[in-house]
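Peer 1: return a 3D structure for these sequence lines:
(one chain, ligands or ions: 2)
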Amino acid sequence: MSLNQVLTVEQAAILLKAGRLVALPTETVYGLAANAFDPIAVAKIFAAKDRPFFDPLIVHIADFDWLPRVVRDFPTLASQLAKRFWPGPLTLVVPKNDDIPDLVTSGLSNVGVRLPDHELMRQVLRKAGVPVAAPSANPFGRLSPTTAEHVRSQIGHRIDGILDGGTCRVGIESTILQVEGNRVTMLRPGGVALEEIEQLVGKVEYPAVTPAESPVAPGMLASHYSPRTPLIVVDAIPSTPPWPRTGLLCLQMPDEVAAYSGVEVLSDEGDLVIAAANFFQGLHRLDGAGLDGIVAVRFSPQGLGRALNDRLTRAAHGTKNRAGEQSSSSS
Ligand code: TXA
Ligand code: MG
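Peer 2: Ligands and ions are numbered 1, 2, ... in the order given. Got it, this is the predicted structure:
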């Protein structure tokens, strides 16, 4: 089988069983998958992504009845959340069972587990017969992939194949919730909005800052999801663009954009769900357009706007550190 071949479901399953790395589509973003029970296969994920070993991986299951293969304990609240939002863009962090190698969880006693809402992905898992550990299929810290082409161009040469499932429907990563007894903590905002979660389980804690010494979810690292092009986040579009060739990422088409060299409008109707689906694609296009910088307009902080602002703030972090005061860090 040649490198980077576009795979069938059967081929993807055979490769996974053989300890190889394949990129699989999910409804959120493409994942870089390996057999979750095989520590050598899992180690290859970290190598392919240049990912630090302190950053744990999410384990994906094909069906609810696979849960005991991954978790030791599933609190009642976790069960309620799973019943309501699975299959779907929600990861639950709960005690892991002994079969999950420590490498998957970076030595933590908890594992992040998710039942994705993507038929092709679930077919592969059923055929392979094993849960897969799968981070987003991008180099560490870079933009997440929402098409097979994003995967191919970023890390295609480092993996054994890609299953092309088209464009990811949700477009941003899962919401991560840690569940301990009656306590639910949001480690990362994502494809399920906080409002929907709180309707089901009441108040959810959302720590603003992760203690630097123990990043529970390195997706919360200050710098993450970054384009190579400098990026700043604004509340209002500057009439004079800050760079000679500046790109603009915004929810709806503004009145005056002539001064901008590239514009990505995420949803004509201002719909945050559609904006999320287009978000990483828009950023990938701007990042590939040879611009000097990108101006991104902050979203209203409701629904998926919270997750989108989270991604923008982290995408801007490196630029902010280099350029001083230009971007604001709150969201
Ligand atoms: O939508 C998604 O979640 C995608 C698709 C492929 O499923 N996956 C994804 O994986 O975004 P990744 O590795 O790019 O981000 C997962 C985040 C990381 O920040 C990691 O630290 C956190 O989940 N995480 C995983 N296991 C954890 C655990 N046991 N405790 C705390 N955080 C965990
Ligand atoms: Mg990621």
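Peer 1: strands of this protein, start to end?
Peer 2: For the chain, the strands defined by DSSP state E occupy 22-24, 31-35, 58-60, 90-95, 110-114, 132-133, 175-180, 183-188, 231-234, 246-250, 262-265, 293-297.
Peer 1: let me have these in TSV, adding mean pLDDT, distance to residue 163 and mean neighbour count as columns.
Peer 2: In this view, the C-beta of every residue, glycine as well, is placed from N, C-alpha and C. Shown next, in TSV, are the strands of the chain (pLDDT from 0 to 100; distance: least, Cβ to Cβ, whole Å; neighbours: other Cβ atoms under 10 Å):
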stretch	mean pLDDT	distance to residue 163	mean neighbour count
strand 22-24	98	5	28
strand 31-35	98	9	28
strand 58-60	98	13	27
strand 90-95	98	21	24
strand 110-114	98	17	25
strand 132-133	98	12	30
strand 175-180	97	24	22
strand 183-188	95	25	19
strand 231-234	97	30	23
strand 246-250	98	29	24
strand 262-265	97	27	18
strand 293-297	98	30	24
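Peer 1: so which residues on the stretch 1-150 of the chain come close to ligand 1?
Peer 2: Selection of the stretch 1-150 of the chain residues close to ligand 1 by Cβ under 6 Å from any ligand atom yields 26, 28-29, 31, 55-58, 89, 91, 93, 105, 108, 110-112, 114, 134-136.
Peer 1: what is the burial count for the nearest residue to residue 86 once chain neighbours are set aside?
Peer 2: Distance criterion Cβ to Cβ, 6 or more residues apart in numbering; nearest residue to residue 86, sequence neighbours excluded, is residue 115 at 4.1 Å. Residues near residue 115, counting by other Cβ atoms under 10 Å, number 23.
Peer 1: any idea how far residue 68 is from residue 115?
Peer 2: According to Cβ to Cβ, to the nearest Å, residue 115 stands 13 Å off from residue 68.
Peer 1: what does residue 84 give?
Peer 2: Relative to residue 68, and taking Cβ to Cβ, residue 84 is found at 20 Å.
Peer 1: for residue 176, same thing?
Peer 2: According to Cβ to Cβ, residue 176 stands 21 Å off from residue 68.
Peer 1: one more: residue 313?
Peer 2: Plainly put, residue 313 is 37 Å away from residue 68 if you go by Cβ to Cβ.
Peer 1: more crowded one of the two?
Peer 2: Per other Cβ under 10 Å, whichever of residue 313 and residue 68 has more neighbours is residue 313, with 22 against 11.
Peer 1: local confidence estimate at residue 318?
Peer 2: For residue 318, the model assigns a pLDDT of 73.
Peer 1: how many neighbours does the residue nearest to it when sequence neighbours are not counted have?
Peer 2: Take residue 318 and drop its neighbours on the chain: the residue closest to it by Cβ to Cβ, 6+ apart is residue 223, 5.0 Å away. The number of residues packed near residue 223 is 15, by other Cβ under 10 Å.
Peer 1: list the contacts of residue 223.
Peer 2: Counting by Cβ atoms under 8 Å, 6 or more residues apart in numbering, residue 223 makes contact with 141, 314, 317, 318, 321.
Peer 1: quick one: which of these is nearest residue 189?
Peer 2: Nearest to residue 189 among the contacts of residue 223 is residue 314, at 11.4 Å by Cβ to Cβ.
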